[in-house]
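Engineer: This is the structure alone, sequence omitted:
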C-alpha cells in the first residue's frame, strides 16, 4: 500500500486527472476499476474520480509496488547518454547541469536519444513525473545551441516549487551573449510581447497579442562591430533573448534563425550562454546560485574580438 498526501500545488484538480499524472502509463479504465473495488481510495472512502482535490487529502493505493512503479516506469532501458553530465550542483531534490552546445533538452520528433533527459535518466535514480515520460524532471528549457545552466527536479515536490518560482519570476537567470553592432546605451530593457511568428510558425516574434516578455541587458564590452552583453530574464518565453535583441536591431552573433547577417567566424548557432542560475531550495528555503563557466568556443571568440 502507498499513501499520498495532496500538496497545495496538486490541489484543485480532479482526482482522476491526478491519478493519470501519477501513473501515466496506466489506462483510464484501470483507475475506475480500482476505485470501484476500493483499491484506490480518497480520504478512506470510495471515490468516483470526479472529486476536486484539496490540500491535505489522503490518497491510498492498495496496489503492489511492482504495479505502481510499472505504471510510473521512466523506461531507463532506452537511455543512451552520448555525453557525460557537467554537474554544477546536485542534492536529493534538484540537479543543475551545464548543457553543452548542440544538445537537445528532451526527446521529441527526430531526437529520441542523446538528449539531456536521456543523460539525466542514466545519472539519476529518479526524476519528477509531472511533465510526462518524454520530459521527466524538466521545468524549463534552453535552446539546442544555447549552452549553460539548466535545473532539473528529482521529485514532484521540488518540481512544483521550482515551477512556482519560475511563475513568480523569482529565479535569477543571467545570460552572456555577443550581438551585432554597438549598443548606444550601456544598459536597457526590452519590454515587448512575444508569440508565434504569423508568417512562420516555427519561429517566435514580437507580436501585439503575444505573451508578456521582459529582458534586461547591460554592456560588458564593446568591440569593432559587436558587443559583449549580459542579459537578465524577467520572464522566460521561447527564444526570448534572441527575439528581443533582434527586435532592437542587435541580433545575436551566429543566430541563423533571427538574423541574416554574416560574420567571419565559424559558429554553430547563436552565441548565447546561460551563466548564472539562482533559486530558493524547495525544502530548505536556502538561496542557491550556480555559475556555468563560458564554453571554450565563447572564450576563443572573445580572444579573437580582442585582437
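Structural biologist: Cool, got the structure. Worth saying up front: this structure is predicted, and the values here are computed from it rather than measured.
Engineer: what does the domain assignment say about the protein?
Structural biologist: Split into domains by automatic domain parsing, the chain comes to 2-71, 76-168, 172-276+286-306.
Engineer: Bridge partners for residue 272, pull those for me.
Structural biologist: residue 177 (DSSP bridges).
Engineer: Not counting its neighbours along the chain, what's nearest residue 103?
Structural biologist: residue 116 (5.6 Å; Cβ to Cβ, 6 or more residues apart in numbering). Using the backbone N, CA and C atoms, a C-beta is placed for each residue, glycine as well.
Engineer: and the one you found, what are its phi and psi?
Structural biologist: phi -60, psi -40 (degrees, to the nearest 10).
Engineer: tell me, how many neighbours does it end up with?
Structural biologist: The number of residues packed near residue 116 is 26, by other Cβ atoms under 10 Å.
Engineer: just residue 71 next, same as before
Structural biologist: The burial count for residue 71: 18, using other Cβ under 10 Å.
Engineer: picking up where we left off before, make a markdown table from the domains of the chain and add mean pLDDT to it.
Structural biologist: As requested, those are exported to a markdown table (pLDDT from 0 to 100):
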| stretch | mean pLDDT |
| --- | --- |
| domain 2-71 | 89 |
| domain 76-168 | 78 |
| domain 172-276+286-306 | 95 |
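Engineer: which residues touch residue 282?
Structural biologist: 93, 94, 153, 157, 158, 161, 162 (Cβ atoms under 8 Å, 6 or more residues apart in numbering).
Engineer: and the residues you listed, which of them are in helices?
Structural biologist: Of the contacts of residue 282, the ones assigned to helices by DSSP state H are 157, 158, 161, 162.
Engineer: ok, so what distance separates the last one from residue 150?
Structural biologist: Okay, so that is residue 162. Residue 162 is 11 Å from residue 150, where distance means Cβ to Cβ, to the nearest Å.
Engineer: and the residue nearest to residue 103, how far is that from residue 86?
Structural biologist: 11 Å.
Engineer: overlap in contacts of these two?
Structural biologist: By Cβ under 8 Å, 6+ apart, the residues touching both residue 116 and residue 86 are residue 97.
Engineer: picking that back up, just curious, which of the contacts of residue 282 is nearest to residue 64?
Structural biologist: residue 157 (24.0 Å; Cβ to Cβ).
Engineer: And that closest one, how far from residue 279?
Structural biologist: Separation of residue 157 from residue 279 (Cβ to Cβ): 14 Å.
Engineer: just residue 265 next, same as before
Structural biologist: From residue 265 over to residue 279 (counting by Cβ to Cβ), the distance is 34 Å.
Engineer: hey, where'd the helices end up in the stretch 51-200 of the chain?
Structural biologist: Listed in chain order, the helices of the stretch 51-200 of the chain (DSSP state H, counting those that start in this stretch) span 65-71, 116-123, 156-167.
Engineer: Can you tell me what sits against the shortest one?
Structural biologist: Under the criterion Cβ under 8 Å, 6+ apart, residues 2, 23, 24, 25, 26, 30, 61 lie in contact with helix 65-71.
Engineer: The second one reaches residue 59, doesn't it?
Structural biologist: No: the pair formed by residue 23 and residue 59 falls short of the contact definition of Cβ atoms under 8 Å, at 11.3 Å.
Engineer: which of these two has more neighbours?
Structural biologist: Neighbour count, other Cβ under 10 Å: between residue 23 and residue 59, residue 23 has more, with 23 against 20.
Engineer: Now residue 22. Its backbone dihedrals?
Structural biologist: Dihedral angles (degrees, to the nearest 10) for residue 22: phi -70, psi -40.
Engineer: I figured it hits residue 4, correct?
Structural biologist: Yes: assessed by Cβ under 8 Å, residue 22 is found in contact with residue 4 at 7.4 Å.
Engineer: Report the distance from stretch 176-189 to the chain centre.
Structural biologist: Centroid displacement of stretch 176-189 relative to its chain, using Cα atoms, centre = their mean, to the nearest Å, is 26 Å.
Engineer: which non-adjacent residue is nearest residue 173?
Structural biologist: residue 233 (4.4 Å).
Engineer: ok, what's across the strand from the one you found?
Structural biologist: residue 215.
Engineer: How many neighbouring residues does it have?
Structural biologist: Per other Cβ under 10 Å, the neighbour tally for residue 233 reads 22.
Engineer: Please report how far it lies from residue 127.
Structural biologist: Distance from residue 233 to residue 127, by Cβ to Cβ: 24 Å.
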